[in-house]
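Chemist: here you go, sequence then predicted model.
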Amino acid sequence: MPIQKTLNKGKVPVKIFTNDVDSASMTQLTNISQLPFIHHHIAAMPDVHVGKGATVGSVIPSKDAIIPAAVGVDIGCGMNAVRISLKAHDLPDTLRRSRRAIEDQVPVGFDMHKREAINASTWNSMERPLKAITDKHPGLTKMVRNFHHTWGRQLGTLGGGNHFIELCIDENDDVWIMLHSGSRGIGNAIGRYFINLAKKDMGKQLGHLPDKELAYFTDGAQHFDDYVEAVGWAQDYAMVNRREMMRLTIKALQAELPPFIATKEAINCHHNYVQKEMHYGENVFITRKGAIRAGVDDLGIIPGSMGAKSYIVRGKGSKASFCSCAHGAGRKMSRTKAKRQFNRFDLAALTEGVECRKDKGVVDEIPSAYKDIDTVMKNQHDLVEVVHTLKQVLCVKG
């Protein structure tokens, strides 16, 4: 569907691709639209919901400035999906052993590998630019326990929250591996460090912002280039993290399932990131906070919640969305509210047929805490076309 709401309370309009948007998100979007460097308009995706400072599901074009809190602290968080050469009938009747095998290979939650899982050349190629960043900002090394080995040992690890590894079946009964994660502890540290630094650098100007979380760096300012360098490194880290997890997941499943090969990688894409792009005649920074790039023929992954469908999509290059689309179903209730309203029996009922954790530790990820993925997809048929529809049969969470 086309744009369904337009806000005109700031310096630029906010174009919203859904009617399902809460008042707190409307306030956040209005706040961002009041900033002096926003280019043309702001786009809000069908999964839009309130975030910290900036709205999740927003696409923010900025001229010569970046808002670190809009990029967020899970820098480079995104998706990876691979189709494998098995059919649904090739899978065993129970996938419990497969889930355990993945959990044995890929640390989840706060766990990490006992030693670096990546090869030495990859580690070295990442360590050198990171050292250049921490030489200028040594305070970063104090924000992660055992910094100098933790970032390396967390490569190829899942984390917690809404991050997951899944085995899915598509409409052709083909089997897919799909996973969702980001830049782990080091990305979180970089995000928090530069959000605080932006607030400090703005000094008295911070009080003139509609929300202090919208503190920003402008091109030419003291720490602008340092942030661009650090956020770029964290986005690369997230990409490598997903590739390593995919390698380890395939290794785990090859020990449990009939022989198979990975036939095609759909995409390894970010949905919390910033990069330079050309839009409306200007080369600007595009911050996608909970949104993926959906340029013409770009492949993307839009996951639903546990127990719901997910989609492999192809972008249509919508100008109004800055070539973007939703990154998932989008939360409709907080984790605290979900834990208060639902229990593990509710979770078990809504994830029937899926091999996954069904304990109180993941109740906040219950499907009822998320928007309906089918409605989200309907609201963005102008932005993407569906290539494959996936239904998970196994889900690993931290």
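Modeler: On my side now, so go ahead.
Chemist: do a quick rundown of the helices in this protein.
Modeler: According to DSSP state H, the chain carries its helices in the segments 23-33, 68-71, 96-105, 120-136, 147-153, 184-202, 224-254, 335-341, 344-350, 373-378.
Chemist: what's the fifth one packed up against?
Modeler: This points to helix 147-153. Here helix 147-153 touches helix 120-136, helix 184-202, going by 3 or more C-beta pairs under 8 Å, 6 or more residues apart in numbering; DSSP states H and E. Glycine gets a C-beta too; all of them are placed from N, C-alpha and C.
Chemist: so which of the ones you listed is the most surrounded?
Modeler: helix 184-202 (a mean of 21; mean count of other C-beta atoms under 10 Å).
Chemist: now do that helix: which elements does it pack against?
Modeler: On a contact count with 3+ C-beta pairs under 8 Å, 6+ apart, helix 184-202 meets helix 68-71, helix 147-153, strand 217-218, helix 224-254.
Chemist: which one of the ones you listed lies closest to residue 339?
Modeler: helix 68-71 (25.4 Å; C-beta to C-beta).
Chemist: who are the packing partners of that closest one?
Modeler: If contacts are counted by 3+ C-beta pairs under 8 Å, 6+ apart, helix 68-71 sits against helix 184-202, helix 224-254, strand 272-279, strand 282-289.
Chemist: tell me the mean pLDDT for the second one?
Modeler: Per-residue pLDDT values across helix 224-254 average out to 97.
Chemist: the last one now?
Modeler: Mean pLDDT, strand 282-289: 98.
Chemist: what angle sits between that strand and helix 224-254?
Modeler: Angle, strand 282-289 to helix 224-254, by axes from the mean of the first three to the mean of the last three C-alpha atoms, to 10 degrees: 50 degrees.
Chemist: coming back round to it: just name the most buried of the helices and strands packed on helix 184-202.
Modeler: It is helix 68-71: most buried of those by mean count of other C-beta under 10 Å, with a mean of 28.
Chemist: with only the CA atoms kept, save that one in CSV.
Modeler: What follows is helix 68-71, C-alpha atoms only, in CSV (Å, rounded to 0.1, in the frame of the first residue of the first chain):
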residue,chain,number,x,y,z
PRO,A,68,24.5,8.0,16.7
ALA,A,69,21.4,7.0,18.7
ALA,A,70,19.4,6.6,15.4
VAL,A,71,21.9,4.0,14.3
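Chemist: list of residues touching it?
Modeler: Helix 68-71 is contacted from outside by 32, 52-54, 58, 60, 191, 194-195, 197-198, 213-217, 227, 231, 272-274, 287, 289, using C-beta atoms under 8 Å, 6 or more residues apart in numbering.
Chemist: coming back round to it: dump the helices and strands packed on helix 68-71 to CSV, plus distance to residue 377.
Modeler: Putting the helices and strands packed on helix 68-71 into CSV (distance: least, C-beta to C-beta, whole Å) gives the following:
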stretch, distance to residue 377
helix 184-202, 28
helix 224-254, 23
strand 272-279, 21
strand 282-289, 18
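Chemist: between those, which one is closest to residue 106.
Modeler: Closest approach to residue 106 among the helices and strands packed on helix 68-71 (C-beta to C-beta): helix 224-254, 5.1 Å.
Chemist: sorry, back to before: of all the helices and strands packed on helix 68-71, which lies closest to residue 208?
Modeler: Nearest to residue 208, of all those, is helix 184-202, at 8.8 Å by C-beta to C-beta.
Chemist: pLDDT on that closest one, on average?
Modeler: Averaged across helix 184-202, the pLDDT comes to 97.
Chemist: strand 272-279 and that one, what's the angle between them?
Modeler: Using the same axes, to 10 degrees, helix 184-202 lies at 60 degrees relative to strand 272-279.
Chemist: residue 279 and residue 12, how far apart?
Modeler: Going from residue 279 to residue 12 by C-beta to C-beta, to the nearest Å gives 13 Å.
Chemist: what sits in contact with each of the two?
Modeler: Joint contacts of residue 279 and residue 12 (C-beta under 8 Å, 6+ apart) are 39-40.
Chemist: biggest strand in this structure by residues?
Modeler: strand 384-397 (DSSP state E).
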